[in-house]
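Student: give me a model of this one.
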Amino acid sequence: MTIPFWIVLMAHAAIASGTLSGGWRIVHTMGSKITKLIPIGGFAAETAGAVTIFSASALGIPVSTTHTIAGAIVGIGAIRSKRAVHWGVAGRIVWAWVLTIPAAAIIAGTTYLMITGVQKLFGG
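Tutor: Alright, predicted model coming up:
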């Protein structure tokens, strides 16, 4: 089955708008609000994230890059000391993860119903 070009463009637009609207906040939270990262810690977190993602991919396990790097950053802070991690920020991130799956499911289902409704309306 071939994916229609307009769907590819819509996916690109959705990803770009998400990155544009919240990308910097995510980078800032990851790099300075969970724990204070220094270059060696950032390198260790990125390396751990890459190894985790490649390993999971090789095993056919779907993983989120954002979740993986957040866990690695918490690990870097926790290895320094328990107090080095801002656990309130980490907790909010976990709640966001828990809420993201059902929220995405609802939005995806609604979008699907809208698109199929429009297709039926115009005989597609």
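
Student: make it CA atoms for all contacts and neighbour counts henceforth
Tutor: OK.

Student: do you know how far the most centrally placed residue in the chain is from residue 53?
Tutor: Residue closest to the average C-alpha location in the chain (C-alpha atoms, centre = their mean): residue 66, at 4.0 Å. Residue 66 is 10 Å from residue 53, where distance means C-alpha to C-alpha, to the nearest Å.

Student: host element of the residue nearest to the centre of the chain?
Tutor: Per DSSP states H and E: residue 66 is located in helix 65-80.

Student: now residue 60
Tutor: Applying DSSP H and E, one finds residue 60 in no helix or strand.

Student: pLDDT at it, what is it?
Tutor: Per-residue pLDDT puts residue 60 at 96.

Student: then residue 123?
Tutor: 75.

Student: equivalent analysis for residue 21, please.
Tutor: The model's pLDDT for residue 21 equals 87.

Student: cool, residue 1 as well?
Tutor: At residue 1, pLDDT is 79.

Student: any idea how far residue 120 is from it?
Tutor: In this view, residue 1 and residue 120 are 20 Å apart by C-alpha to C-alpha.

Student: more crowded one of those two?
Tutor: residue 120 (10 against 3; other C-alpha atoms under 10 Å).

Student: what strand or helix carries the more buried one?
Tutor: Counting by DSSP H and E, residue 120 is found in helix 87-121.

Student: buried residues, that helix. List them.
Tutor: Within helix 87-121, the residues that count as buried by 16 or more other C-alpha atoms under 10 Å are 87, 90, 93.

Student: ok, those vs residue 14, which is closest?
Tutor: The closest of the buried residues of helix 87-121 to residue 14 turns out to be residue 93 (C-alpha to C-alpha; 21.6 Å).

Student: so, low pLDDT: which residues of this protein?
Tutor: The model of the chain has pLDDT under 70 over residues 124.

Student: I am finished for the moment; much appreciated.
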